[in-house]
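Colleague: What follows is a predicted structure for the sequence shown.
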Amino acid sequence: ECDYILLGMIVVLTFSSCWHLDMRDNFYHGPRWMGLWNNPNDYGILMSVGVMLAVGLLAGQKNQSGRTRMFLSVFLSISILMMGTGLLFSYARGSWFGTAIGLLYLAKAYGKFKWRFVLSAGLVTALVIGFFWNATPDSSPWYIKRMDFSRPSAQNRIAAWRGGFEIMRDYPFGIGWN
């Protein structure tokens, strides 16, 4: 019965992944997908959740019968493809990172975790960051400037993350609404 609720969520997120409203007057107009929401970051988070749910259900469907298993495999694979495309075109880097962490967790939980792939991906990421560090002029396209982590917007985001982690470290049970 719990699987039906999760499947329902996946169906809703899959159909919302390809629904794009005309939002010319929106702040985020342009190449970023945002589906039914007003913010591409919210859309990216929801697509990430949908991808993780679908991958988890696909990996854990050992007790299904033949025909049901085949239908679920096809449906979940198509859903992963559609929501993954939405996640990619939302350009929500935090959602990409969260999805990568979630996929690593699922791989570890199902015994498919390989350190050499994680270390290889980390090395490639470090090389790309090192290549673009302080190397993008203001005239560069927006997608190139996003890869330069020395820019003020990226540094402000890192400072906010660090402050958030310090608050969580100092007050593990929260600090209240005030």
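Modeller: Arrived safely. Residues are numbered from 1 along each chain as shown.

Colleague: By mean pLDDT, which helix or strand of the protein comes out lowest?
Modeller: helix 142-145 (a mean of 71; mean pLDDT, DSSP states H and E).

Colleague: Following the chain onward from the lengthiest helix in the chain, which element is next?
Modeller: Counting residues, the longest helix found in the chain (DSSP state H) is helix 66-90. Later in the chain than helix 66-90, the nearest helix or strand by DSSP states H and E is helix 93-109.

Colleague: chain center to that following helix, what's the gap?
Modeller: The chain centroid and the centroid of helix 93-109 are separated by 8 Å under CA atoms, centre = their mean, to the nearest Å.

Colleague: Not counting its own residues, what contacts the next helix or strand after that helix?
Modeller: Next helix or strand after helix 93-109 toward the C-terminus (DSSP H and E): helix 115-132. Residues from elsewhere that reach helix 115-132, judged by CB atoms under 8 Å, 6 or more residues apart in numbering: 104, 144, 147-149. (C-beta placed from N, C-alpha, C; glycine too.)

Colleague: Same question for stretch 35-43: list its buried residues.
Modeller: Within stretch 35-43, the residues scored as buried using 16 or more other CB atoms under 10 Å are 35, 37, 39-43.

Colleague: Now do that stretch: distance from first to last residue.
Modeller: 6 Å (CA to CA, to the nearest Å).

Colleague: what's near enough to touch Ser77?
Modeller: Ser77 touches Leu58, counting by CB under 8 Å, 6+ apart.

Colleague: re earlier: filter the contacts of helix 115-132 to the buried ones?
Modeller: Using 16+ other CB under 10 Å, the buried ones in those are 147-149.

Colleague: nearest to Val55, of the buried residues of stretch 35-43?
Modeller: Compare each of those with Val55 using CB to CB and the shortest gap goes to Tyr43, at 18.5 Å.
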